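Asker: coordinates only, sequence not included:
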């Protein structure tokens, strides 16, 4: 890493540490057996070193401190167990806030924090935001604590993995409020090369993959394992706690695992968090991200919910019993990674679409979340800032898929829906398109290919597995339009045999 970037990281870390520790005049009379002083709370012997430096630079030091304390500071070998009384605390504070005191603190903070960054690099931490977090760990807990947490973090070490390991650490995890505060502050930093956190922009698909990668990394763990404790620490360290409950090591933890993955991906404010499956379903319904359809084809990062009492007939609307995150999708199957499987392990299962026991899906709007986080869908820029619509009655042309594209983003570009494009192009899974694939764009009023969209008008009788969105795509309209035309209050809930009128 270049010297300029190390200095930049050190400066950012100093500001965050300063915000956590106090101010120039702060004195903790008895901080775990010894005094701590100053803007980054130098402790014991380090406090003595700082005070010696200030005494050498400040002509009034003896009069500020008093002869006895001044003599002790300038001659003592160590203060590893030295605490101070109220009077000593006040005069030391007075010395710290002199111009010489502030300069000495600024100089020592720069030297010390730069050394923390150097140590982090030697410990295998190269992500800038993670180095800032590492520096705070070292300032609070010492070099042994920071190295221990870095060693425990999943590789490659990023801000997210280091934070997760910090929360799970037997010592540093006790300070979960500080861990979370520093994590948020480090994420807000803008380092152009950082791997995660900060203002790093991610596309929808990259964000989905991030969620999937986080939970997949925990596979193989079981109750009491490092992975299990990391999940609990992540969940319990997040505020606010759902219903104020801290999950205990003996508790079922499938919903907690899903929540922890969303927390570490930085999207919990959009998904919500829960430690109970049914409560998670109800929360998703309130947020408008619940898909009430067993036959839905989920994307990476969506959560699949189960009801073990499902009889396999019709759409399952029972109580939720279990939950996991979709980590792989295929043409006729998908894979769900879950916590608290048989034996309390973290593993995965492969399911066919519309399989028995599926209760429904939590489907965060990853495209919208990516945009809010400063990324997007990686579609080419649209001129004039609007959608590109073919002229009425004319063929719509085609679009060649580029890296990072999603069908939803392409549809938005041309003023249509992903379902409509999927139907028009015969795409079985709207979540799976390939770079170089040519997507035909229907024109306004253009005839659809055989098997694609149908002519409007008349009615349609809903069958098992149908969704209003799929029916709408079949007829070249939208789910919202069909819902309004048919007086359907909840577009996510239609019944087998229900007659859907199709507007002309």
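Answerer: That came in fine, so what should we check first? Every value quoted in this text rests on a predicted model; they were computed, and no experiment measured them.
Asker: can you pull out the strands in the chain?
Answerer: 27-28, 36-37, 42-43, 290-291, 303-306, 322-329, 333-338, 347-352, 358-362, 398-400, 438-440, 459-461, 499-501 (DSSP state E).
Asker: out of these, which gets the lowest mean score?
Answerer: Out of those, strand 398-400 stands lowest, with a mean of 73 (criterion: mean pLDDT).
Asker: tell me which residues of that one are tucked away?
Answerer: residue 399 (16 or more other C-beta atoms under 10 Å). Every C-beta, even on glycine, is put in place using the N, C-alpha and C of the backbone.
Asker: sheet partners, orientation included, of it?
Answerer: Sheet pairing of strand 398-400 (DSSP bridges) gives strand 438-440 (antiparallel).
Asker: now the partner strand: buried residues?
Answerer: 439-440.
Asker: how far away from the center of its chain is it?
Answerer: Strand 438-440 sits 33 Å away from the centroid of its parent chain (C-alpha atoms, centre = their mean, to the nearest Å).
Asker: hang on, the earlier thing: format the strands of the chain as JSON lines; extra columns: distance to residue 164.
Answerer: Listed next are the strands of the chain as JSON lines, based on distance: least, C-beta to C-beta, whole Å:
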{"stretch": "strand 27-28", "distance to residue 164": "29"}
{"stretch": "strand 36-37", "distance to residue 164": "28"}
{"stretch": "strand 42-43", "distance to residue 164": "27"}
{"stretch": "strand 290-291", "distance to residue 164": "27"}
{"stretch": "strand 303-306", "distance to residue 164": "19"}
{"stretch": "strand 322-329", "distance to residue 164": "16"}
{"stretch": "strand 333-338", "distance to residue 164": "16"}
{"stretch": "strand 347-352", "distance to residue 164": "19"}
{"stretch": "strand 358-362", "distance to residue 164": "22"}
{"stretch": "strand 398-400", "distance to residue 164": "39"}
{"stretch": "strand 438-440", "distance to residue 164": "39"}
{"stretch": "strand 459-461", "distance to residue 164": "48"}
{"stretch": "strand 499-501", "distance to residue 164": "46"}
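Asker: looking at these, which one is packed in the most?
Answerer: Most buried of the strands of the chain by mean neighbour count (mean count of other C-beta atoms under 10 Å) is strand 303-306; its value is a mean of 28.
Asker: give me the contact list for that strand.
Answerer: Strand 303-306 is contacted by residues 258, 277, 280-281, 284, 298, 320-326, 334, 336, 351, 357-362 when judged by C-beta atoms under 8 Å, 6 or more residues apart in numbering.
Asker: neighbouring strands - and their directions - for that strand?
Answerer: strand 322-329 (antiparallel), strand 358-362 (antiparallel).
Asker: JSON lines for the ones you listed, including distance to residue 467?
Answerer: JSON lines is the format used below for the strands paired with strand 303-306 (distance: least, C-beta to C-beta, whole Å):
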{"stretch": "strand 322-329", "distance to residue 467": "17"}
{"stretch": "strand 358-362", "distance to residue 467": "11"}
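Asker: give the contact list for the closest residue to residue 108 other than its chain neighbours.
Answerer: Spatially, and ignoring its direct neighbours in sequence, residue 108 is nearest to residue 50 (5.7 Å; C-beta to C-beta, 6 or more residues apart in numbering). Residue 50 sits next to 37-38, 42, 104-105, 108 when contact means C-beta under 8 Å, 6+ apart.
Asker: out of the residues you listed, who's nearest residue 347?
Answerer: residue 42 (47.3 Å; C-beta to C-beta).
Asker: can you tell me the closest non-neighbouring residue to that closest one?
Answerer: residue 50 (5.1 Å).
Asker: what about residue 308, how many residues nearby?
Answerer: 12 (other C-beta atoms under 10 Å).
Asker: return the residues in contact with it.
Answerer: Neighbours of residue 308 in contact, by C-beta under 8 Å, 6+ apart: 321-322, 357.
Asker: from residue 318, how far out is it?
Answerer: Distance from residue 308 to residue 318, counting by C-beta to C-beta, to the nearest Å: 9 Å.
Asker: so residue 249 touches residue 228, yeah?
Answerer: Yes - the pair residue 249 / residue 228 is scored as a contact, 7.4 Å apart, by C-beta atoms under 8 Å.
Asker: neighbour-wise, which of those two wins?
Answerer: A side-by-side neighbour count of residue 249 and residue 228, using other C-beta under 10 Å, places residue 228 first with 23 against 10.
Asker: let me see the contact set for that one.
Answerer: Contacts of residue 228 by C-beta under 8 Å, 6+ apart are 221-222, 249, 253, 339, 344, 346.
Asker: apply 6 Å and report the result again.
Answerer: Contacts for residue 228 were tallied using C-beta atoms under 6 Å, 6 or more residues apart in numbering; they are residue 221.
Asker: which regions of the chain sit below the pLDDT cut-off?
Answerer: 190-201, 375-397, 403-404, 412-415, 442-457, 465, 473-474, 476, 504 (pLDDT under 70).
Asker: remind me, longest helix of it?
Answerer: helix 99-122 (DSSP state H).
Asker: tell me how far the residue nearest to residue 42 lies from residue 107.
Answerer: 10 Å.
Asker: go on, residue 469?
Answerer: Taken as C-beta to C-beta, the span from residue 469 to residue 107 is 63 Å.
Asker: then residue 467?
Answerer: Taken as C-beta to C-beta, the span from residue 467 to residue 107 is 65 Å.
Asker: likewise residue 138?
Answerer: 18 Å.
Asker: what does residue 365 give?
Answerer: Relative to residue 107, and taking C-beta to C-beta, residue 365 is found at 49 Å.
Asker: ok, residue 93 next?
Answerer: On the measure of C-beta to C-beta, residue 93 and residue 107 end up 19 Å apart.
Asker: can you pick out the residue with more neighbours from these two?
Answerer: Neighbours were counted for residue 93 and for residue 107 using other C-beta under 10 Å; residue 93 has more, 18 against 12.
Asker: count the neighbours of the closest residue to that one other than its chain neighbours for me.
Answerer: Nearest non-adjacent residue to residue 93, counting by C-beta to C-beta, 6+ apart: residue 25, 4.4 Å away. Using other C-beta under 10 Å, residue 25 has 19 neighbouring residues.
Asker: same question, residue 374
Answerer: 12.
Asker: residue 23 now?
Answerer: Neighbours around residue 23, by other C-beta under 10 Å: 13.
Asker: cool, residue 32 as well?
Answerer: So residue 32, with other C-beta under 10 Å, has 8 neighbours.
Asker: leaving out chain neighbours, which residue sits closest to it?
Answerer: residue 43 (7.9 Å).
Asker: okay but residue 277 is in contact with residue 319, surely?
Answerer: No - contact criterion C-beta atoms under 6 Å: residue 277 and residue 319 do not qualify, at 8.2 Å.
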